[in-house]
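Colleague: Take a look and give me a structure for this.
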Amino acid sequence: MQKSLSVLLVEDSEDDAMLLLRELRKGGYDPVYERVESEDTLKTALAARKWDLVLSDYVLPGFSGLDALRLLRESGSDMPFIVVSGKMGEETAVEVMQAGAHDYILKGRLARLLPAIERELLETEARRMAKKELFRSEEKYRAIFEGAPIGIFQSTLDGRFLSVNQSLTSLFGYDSPEQMVESIRDIPMQIFVKPDQRGELIRTALESSGFARREVAYRRTDGTLFIANLYMRAVRDDMGQVQFLEGFVEDITERKRAEEAFHAQFRQISTIFDELNVIVHVADAKTWSLVYLNKYGTSLFGDDWQGRGCDEVTGCNHPHPCPLIDGDGYGQGGDPNPQHIFEYKNSLTGRWYHCVEKRISWIDGRTVHVTVAVDITDLQDMMQMKDDLLSAVSHEMRTPLTAMCGYIDFLLDNEVDEVKTHEYLHIIQKENQRLNDLLSNFLSLQQLKAKKARPSIETGRPVALQPLIEEAVTLFKARAVSHRILLELSPDLPLVFIEEGQLHRILSNLLSNAIKYSPKGGDIIIGAVKGDDESVTVWVRDEGIGMPPEVLGKIFDRFYQVESGDRRTFTGAGLGLALVREMVTACGGKVRVESALGKGSTFFISLPTARR
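Modeller: Okay, the predicted model is just below:
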């Protein structure tokens with residue numbers, strides 16, 4: 001008994017068509033056929049009925065087998081398509097197979113036609129059975145699809161819904177899935193606030209093997225808007241052709257509102273913290289990584305702090321758990337989040353910080369440590385200065401006080417002639433001046449370090465340098481009977497920007513040191529010259545005892561003295577040069593020294609000109 005077979009012949013030759021039909025009948029088939037030879041007749045035939053098989057010539061007048069194959073695929077059919085051609089090269093055969101043909105047969109070798117047809121009919125039936133099985137599987141999961149709490153859909157590329165679940169229906173405000181599918185004819189225009197977003201996501205999905213995601217704004221049937229995460233992927237057939245799009249919609253409106261509230265609160269907190277001239281940092285209570293650093297802290301430690309440990313960024317140099325604040329343990333004493341107060345020295349900058357730390361719940365819900373750190377370096381310096389002062393009192397101030405008291409007591413208790421009285425009063429005056437210089441230097445240095453005196457760059461005014469130098473030289477010539485003070489001043493020195501009183505103190509300290517450390521006399525030269533960088537360099541050179549190289553980096557420190565101990569050759573508290581450095585740097589200048597042991601010293605100060 002012959003088997004029925006519906007065959008669509010794409011063939012311009014009647015004879016060749018009959019030849020193919022004869023081969024089918026020889027193989028036991030009773031073919032029902034239609035012969036077409038143009039695009040229009042092929043479209044009509046495909047729409048008229050369901051076919052089992054397409055046999056197509058490769059070359060037709062104004063038409064081709066590849067065109068026929070394309071039309072078949074566009075119709076959505078997966079029936080076998082076999083090319084039967086009189087002549088076909090290897091490259092053409094490869095092109096045909098890559099385009100989606102199931103096989104190709106040469107008309108001169110029709111013996112291969114029936115085996116190829118039987119094979120493809122069996123495979124087609126297998127595909128159809130697989131689709132039926134898939135359909136049954138889909139039916140099993142239909143209840144899950146309908147009951148899912150998230151919106152799920154299938155749609156065409158051109159913007160029509162194929163199916164939607166109840167969650168998606170409710171999300172958009174429709175009464176039923178059927179109503180939503182029927183009502184929405186143009187997905188991007190009807191429900192997208194920005195229609196282009198759908199096309200952009202489709203392009204991404206077509207390039208990906210999985211789901212593509214995008215945050216989009218949707219419009220409900222009542223006109224209200226909501227924000228959602230849209231996930232989409234392209235579903236393809238065995239040939240790689242896109243069948244439809246599927247995906248799901250997750251309403252994140254409330255989450256976005258919570259995030260916006262979070263960011264608004266964070267901006268308010270940041271605005272407050274950024275106005276403070278203290279360090280405010282927030283560290284995760286579990287990892288100790290920084291989650292926040294205010295503007296002032298960023299200016300000190302840089303922008304690269306996100307995710308790094310607070311000990312690494314702030315330079316406290318303590319591993320975690322932090323011994324500075326974890327020692328007492330949390331939750332003791334009735335307060336689960338007690339306040340901790342501690343101090344630490346920054347291992348990178350050497351500055352001291354006074355810290356107040358407390359564990360709180362951060363604005364995103366996690367537990368964090370909030371620390372407010374105040375720079376107390378200047379306070380520490382003041383405390384150190386007080387200690388140094390006590391030391392100076394015991395060593396330096398005691399000597400002139402003892403001398404003055406001794407001579408005063410002697411004058412009060414004894415009859416002294418006029419010559420001796422004048423000699424003793426001169427000694428008392430000298431020791432009093434020494435004590436006064438010590439206190440003046442100390443108080444001036446204290447004011448500069450405590451920043452009670454504004455920098456000279458702000459409070460200064462243009463000062464003529466030459467008259468002040470000449471005045472200082474005149475004053476010291478009377479005291480330096482064993483020395484000759486010489487001037488080396490360049491003509492037309494520009495004005496410098498500094499407080500006049502500070503410049504007088506700088507020159508006095510440098511000249512006083514030059515005289516003191518030149519006990520055998522000699523020349524002292526004070527000079528000034530304009531530099532190339534809008535500055536004036538002043539120097540004071542002596543022919544005194546000089547200094548070894550290892551002390552040159554220390555002589556500008558407070559209370560530093562080249563000699564130490566109770567048997568020092570030269571008296572002094574070690575404040576003069578420290579004061580010189582502070583005053584020079586306060587006005588934007590620089591100070592340095594050159595010296596060789598036994599050959600004298602030269603001190604250089606660079607001061608900004610008034611044009612700066």
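
Colleague: Go through stretch 172-181 and flag the buried ones.
Modeller: 172, 174, 177, 180-181 (16 or more other CB atoms under 10 Å). Every residue, glycine included, has its C-beta placed from N, CA and C.

Colleague: Low-confidence ranges, the stretch 501-612 of the chain, go.
Modeller: Scanning the stretch 501-612 of the chain with the threshold set as pLDDT under 70 gives 559-574, 611-612.

Colleague: Next SSE downstream of the worst-scoring helix or strand of the chain on mean pLDDT?
Modeller: Ranking every helix and strand in the chain by mean pLDDT, DSSP states H and E puts helix 456-459 at the bottom, with a mean of 51. Sequence order places strand 461-463 as the next helix or strand after helix 456-459, per DSSP states H and E.

Colleague: Need the mean per-residue confidence for that following strand.
Modeller: For strand 461-463, mean pLDDT rounds to 82.

Colleague: my guess is K87 contacts L106, does it?
Modeller: Yes: counting by CB atoms under 8 Å, K87 touches L106, with 7.4 Å between them.

Colleague: more crowded one of those two?
Modeller: In this view K87 and L106 are compared by other CB atoms under 10 Å, and L106 has more residues nearby, 15 against 10.

Colleague: Contacts only, for the more buried one.
Modeller: By CB atoms under 8 Å, 6 or more residues apart in numbering, L106 lies in contact with 84-88.

Colleague: For it, name its beta-bridge partners.
Modeller: S85 (DSSP bridges).

Colleague: State the next helix or strand along the chain beyond the strand or helix carrying M180.
Modeller: Assigning secondary structure by DSSP H and E places M180 in helix 177-183. The first helix or strand that comes after helix 177-183 along the chain, using DSSP H and E, is helix 187-191.

Colleague: before we move on, what SS does P494 have?
Modeller: coil (DSSP: H, G, I helix; E, B strand; the rest coil).

Colleague: Phi and psi next, for it.
Modeller: For P494, the backbone dihedrals are phi -70, psi 170 (criterion: degrees, to the nearest 10).

Colleague: That one contacts P608, correct?
Modeller: No: judged on CB under 8 Å, P494 makes no contact with P608 at a distance of 10.0 Å.

Colleague: Correct me if wrong, but R558 is in a helix.
Modeller: No: under three-state DSSP, R558 sits outside any helix and is assigned coil.

Colleague: returning to that earlier point: of P494 and P608, who's got more company?
Modeller: Neighbours were counted for P494 and for P608 using other CB under 10 Å; P608 has more, 21 against 18.

Colleague: Checking my notes, that one in a strand, right?
Modeller: Yes: looking at P608 with three-state DSSP, it is inside a strand.

Colleague: For it, give me its contacts.
Modeller: 457, 496-498, 534-535, 587-589.

Colleague: Check T287 too.
Modeller: So T287 contacts G309 (CB under 8 Å, 6+ apart).

Colleague: what's the helix or strand for it?
Modeller: Going by DSSP H and E, T287 is not in any helix or strand.

Colleague: Any figure for the gap between it and C310?
Modeller: 10 Å (CB to CB, to the nearest Å).

Colleague: cool, S13 as well?
Modeller: In terms of CB to CB, S13 sits 86 Å off from C310.

Colleague: Helix, strand or coil: sort out E471 for me.
Modeller: Here E471 is recorded as helix under three-state DSSP.

Colleague: whoops, L5 was the one
Modeller: Per three-state DSSP, L5 ends up strand.

Colleague: now the strands for the stretch 51-200 of the chain?
Modeller: 53-56, 59-60, 63-64, 81-85, 103-106, 151-155, 161-164 (DSSP state E, counting those that start in this stretch).

Colleague: In contact with the nearest residue to Q179 once chain neighbours are set aside, which residues?
Modeller: Closest residue to Q179 apart from its sequence neighbours, by CB to CB, 6 or more residues apart in numbering: T169 at 7.5 Å. By CB under 8 Å, 6+ apart, the residues touching T169 are 175-177, 179-180.

Colleague: Which of the helices or strands spans the nearest residue to G531 once chain neighbours are set aside?
Modeller: Of all residues not flanking G531 in the chain, T537 sits nearest, at 5.5 Å (CB to CB, 6+ apart). Secondary structure from DSSP H and E places T537 in strand 535-541.
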